[in-house]
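Participant: Below is the sequence, then the predicted model.
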Amino acid sequence: MRIQHNVTALNSYRNLRGNNSALSKNLEKLSSGYRINRAGDDAAGLAVSEKMRAQIRGLETAEKNAQDGISLVQTAEGALTEVHSMLNRMVELATQSANGTYDNAVDRKNLQSEVASLKNEIDRISQASNYNGIKLLDGSMSNKAMNTKAPEVKGSSLLPTEDIKAQAGEQELKFAATTATNGPKEGGKFAVSINYKEGTGAEKVKTFEFDVVKNGTKLEFQDKDGNVMGEAAATTGVVTDAEISALTAKAINQDADLKKIFTADGAAATMKLAAKEKGLKGGEVVGATAYATKADGALAIAADAYDKAEVKVVKDRVDAGHAYDFSKNIVFGDDEAGTNHGIRDTEDINKAIFEVNGEKFVFVNNGLTKSQWDAVVKSGAHHVSVNAAAAAPADVDVKEMARKIEDVTGLKATQGEVGTGANAGKFTEDATKKMLKFDNAGKAEDKSLTLQIGDTADAFNKMKVSIQAMDVKSLGIDGVDVSTQDGASVAVDKIKNAINSVSSTRGDLGALQNRLEHTINNLGVMTENITDAESRIRDTDMAKEMMAYTKNNILMQASQAMLAQANQIPQGVLQLLG
C-alpha cells in the first residue's frame, strides 16, 4: 500500500476534469445554439461558415439595392407618365390648329400659348425629377456623353541634347584655272561630268549639260532648263576651265539630286546639313503614327472608320529638345464627332512644313506654348471619345527613333585651283535613343447609374441604368409652333416622334423593373439556400447536444463520487497500526 501517490484518486480526478470540460461545452452549445463558437470547435467548418456568412450578407444587401433600383425606376417612369400625357395633349392641340377653321391671330395664338406652357412644364419635370438627390431626366444618367481631349505627343522630357560634331567647310570639288579651251559656238552645247561618292560609299556620276547663246559682247551659258549659269567674254572665243568650273559649281549647288537621301522609321526624306555652323540645321524626319481607339463597350468603331495619320517630313529648322503636339482628323463610324489636330512645336520655331496623308501643312509658330482643349461632345445617339491621358486603357504606340548619321558629304564646287581636292566634311550625330510617346487613347465617359445587384464586384453583378434627357430640346420639340396652320402640321409629326422617344424610354425602364424583380426573387432563393447550408455547418443539433449533456452530467457526478471514494483508500493504512 502506497500513500505518497494516490493513483486511483489521480485517475478519478483526470476523468472528473474531462467530464467537467465536456459538460461546459455542452452547456455553451445549448445556450448559444451554435455548434461552432470558436475556431477550436471546428477550424475548417468555421472558415467555410464565415465565407458563407459574407456571401449571405452580400446577397441580402444586393436584394435591398435591387429594391432601391426599382424605386428609382418607378420614380422616373412616373414622371415620364406625365410627360406622355402632356405630349398627347400637344398632339391634340397641334392637330386642332392644323384644321383650316381656326384664325391665326386669335385661335391659334391661344393654342400656341397652351403648347408653350406644356413645353415649359416638360422642361421643369426634366430638371426637377430626382431620386435621393440624383437627377433622373436631365441627361446626367445618359451613357452617351463622352469626354473628348486632343491627343498629345509627348517627347520633350525624353529627348536628349544632341551633340552634332561638324568640321567647318563642306567637301569641295576644285577645278583648274590656268588652262583654256576653245569656246563652244553660239547655239551649241557642252557637257561637264563629275564623279563623286555618296555617304554610303557608292560611286556616282553626274553630268551637267549647258547651251551657249550670244548675248552682246558676252557668251551666256544656260542649262537644259534655260537657267542662266554664268557669262564669259566673247572676244577671244575661248572659255577657261575656271569659267567651266564656275558653271559646274553653280549647277551642283542647285541640283537637288545631290542631297543626301536617308530614311527614318521607313519614311524616306532629304536632309542637307550645313557645316559652317555647329548645331542641327536643315530637316529632320519624324516618323510617327497615331491611332484612334475604340471606346470600351460604349461605341463600336468600324475597323476602317479611322484615318492613320503619318507625319512624313518636317523641313526647315528642327533642334534637339523640341517636342511636338500632333494628331490628325479622326473620322469614326458614323462621322458623328471628331477632333482636328495638327503639329505644333512647343518651343520657338520659325516654320515647319510637314505632310500628313499626302496633304501639306505649314505652321508658323513663335514661342507657341503647349495647350490642350477639353470638350463634351453630344450628337444624337452616337458619340465618340478621344482622351490623351497617360494612363489610358487603349494601347500606347511608342515609336523609337534612334538615328546616327555618319559620312554625310556635302558637295560644294568652287573654282580657282589646279587639280581636284577633297576636304573631309564629316558629320556625326551622337545622340542617345529618342523616344516619342504618342498617347491617343479613347475612353468613354459613361454616366450611367450602376446598381450593385450581386455579392461580388464582377461585371455580371452590376446593372446599368441609363435614361436619356427628356427636355423639349432633346425630344426635338423645342421649336414646335402651332400659331400657323403650316407650323401646326409640321408639329404633329415632331410631337409624335417625341411620344415614340418617351415610349421607348418608358419601355426600357419597364424592362429594367421586371429584370430587377426577377433579380430580387433569385437573390432571395440564393440567400435561403446558402443560409440553410451555413446553418448545417454552424448551428447545433439541440436534441443531440442534450443527449451528450445528459451523459456528461451523469459522468460528472459519478467521477465526483469516485474521487471521494479514492481519497478514502489511504486511510486503511492506519488500521495496520491496530
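Facilitator: Perfect, thanks for sending it. Numbers count the residues shown, from 1 in each chain.
Participant: CA only for contacts and neighbour counts going forward, please
Facilitator: Noted.
Participant: Heading C-terminal from the helix or strand where residue 122 lies, find the next helix or strand.
Facilitator: Assigned by DSSP states H and E, residue 122 belongs to helix 109-128. For helix 109-128, the following helix or strand on the C-terminal side (DSSP H and E) is strand 130-131.
Participant: tell me the mean pLDDT over that following strand?
Facilitator: The pLDDT scores in strand 130-131 average 94.
Participant: Show me what the helix or strand following that strand pairs with in its sheet, parallel or antiparallel.
Facilitator: Per DSSP H and E, the first helix or strand lying C-terminal to strand 130-131 is strand 134-135. Applying DSSP bridges, strand 134-135 is found paired with strand 130-131 (antiparallel).
Participant: Just the residues contacting the partner strand, thanks.
Facilitator: In this structure, residues lying in contact with strand 130-131 by CA atoms under 8 Å, 6 or more residues apart in numbering are 72, 75, 76, 136, 137.
Participant: Most neighbours among the residues you listed, please name it.
Facilitator: In terms of neighbours by other CA atoms under 10 Å, the contacts of strand 130-131 top out with residue 136 at 29 neighbours.
Participant: so where's the stretch 51-200 of the chain shaky on pLDDT?
Facilitator: Low-confidence segments of the stretch 51-200 of the chain (pLDDT under 70): 143-200.
Participant: what are the ranges of the strands in it?
Facilitator: Secondary structure of the stretch 51-200 of the chain by DSSP state E, counting those that start in this stretch: the strands cover 130-131, 134-135, 146-149, 152-154, 163-166, 171-175, 180-182, 189-197.
Participant: now the contacts of strand 130-131 in JSON lines, with distance to residue 539?
Facilitator: Below are these laid out as JSON lines (distance: CA to CA, whole Å):
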{"residue": "72", "distance to residue 539": "38"}
{"residue": "75", "distance to residue 539": "42"}
{"residue": "76", "distance to residue 539": "45"}
{"residue": "136", "distance to residue 539": "46"}
{"residue": "137", "distance to residue 539": "49"}
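Participant: Most widely separated two among those?
Facilitator: Within the contacts of strand 130-131, two members stand farthest from each other by CA to CA: 72 and 137, at 11.5 Å.
Participant: okay, now residue 496: neighbour count?
Facilitator: Residues lying near residue 496 (other CA under 10 Å) number 16.
Participant: Now it. Nearest residue, chain neighbours left out?
Facilitator: Distances taken as CA to CA, 6 or more residues apart in numbering put residue 91 closest to residue 496, at 7.1 Å, once the chain neighbours are dropped.
Participant: ok, so what distance separates that neighbour from residue 566?
Facilitator: Counting by CA to CA, to the nearest Å, the gap from residue 91 to residue 566 is 105 Å.
Participant: same question, residue 10
Facilitator: From residue 10 to residue 566 the distance is 9 Å (CA to CA).
Participant: Between these two, tell me which one has more neighbours.
Facilitator: Between residue 10 and residue 566, counted using other CA under 10 Å, the more crowded position is residue 566 (18 against 14).
Participant: Quick check: pLDDT value at the nearest residue to residue 53 once chain neighbours are set aside.
Facilitator: The shortest distance from residue 53 to any non-neighbouring residue, by CA to CA, 6+ apart, is to residue 534 (7.3 Å). The model reports residue 534 with a pLDDT of 95.
Participant: can you tell me which residues contact residue 534?
Facilitator: Contacts of residue 534 (CA under 8 Å, 6+ apart): 49, 52, 53.
Participant: what's the nearest residue to the second one if we skip its chain neighbours?
Facilitator: Spelled out, it's residue 52. Nearest non-adjacent residue to residue 52 (CA to CA, 6+ apart): residue 534, at 6.2 Å.
Participant: name the element that neighbour belongs to?
Facilitator: Following DSSP H and E, one finds residue 534 within helix 485-538.
Participant: ok, residue 515 to residue 7 distance?
Facilitator: Taken as CA to CA, the span from residue 515 to residue 7 is 74 Å.
Participant: let me redo that: residue 98
Facilitator: Distance from residue 98 to residue 7, counting by CA to CA: 115 Å.
Participant: Of the two, which one has the most company?
Facilitator: Per other CA under 10 Å, whichever of residue 98 and residue 7 has more neighbours is residue 98, with 22 against 13.
Participant: need the contact list for the more buried one.
Facilitator: Residues in contact with residue 98 (CA under 8 Å, 6+ apart) are 482, 484, 485, 486, 487, 488, 489.
Participant: In ChimeraX, how would I select the buried members of the residues you listed?
Facilitator: Selection of buried members from the contacts of residue 98 for ChimeraX, criterion 16 or more other CA atoms under 10 Å:
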select :482,484,485,487,488,489
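Participant: Contacts only, for the residue nearest to residue 496.
Facilitator: Going by CA under 8 Å, 6+ apart, residue 91 touches 491, 492, 495, 496.
Participant: and which of the residues you listed is nearest residue 453?
Facilitator: Using CA to CA, the shortest approach to residue 453 within those belongs to residue 496, at 35.9 Å.
Participant: How much space separates that closest one from residue 37?
Facilitator: 67 Å.
Participant: what does residue 119 give?
Facilitator: As defined by CA to CA, residue 119 lies at a distance of 65 Å from residue 37.
Participant: Show me which of those two is the more surrounded one.
Facilitator: residue 119 (23 against 17).
Participant: wait, isn't residue 94 in contact with residue 492?
Facilitator: Yes - the criterion here is CA atoms under 8 Å, and residue 94 meets it with residue 492 at 5.7 Å.
Participant: ok, the two, which is more surrounded?
Facilitator: More crowded of residue 94 and residue 492, by other CA under 10 Å: residue 94, with 29 against 23.
Participant: show me the contacts for the more buried one.
Facilitator: Per CA under 8 Å, 6+ apart, neighbours of residue 94: 111, 482, 488, 489, 491, 492.
Participant: switch to 10 Å and redo it
Facilitator: 88, 108, 111-112, 115, 480-485, 487-493, 495 (CA atoms under 10 Å, 6 or more residues apart in numbering).
Participant: Next one: it from residue 88, what distance?
Facilitator: Applying CA to CA, the value for residue 94 to residue 88 is 10 Å.
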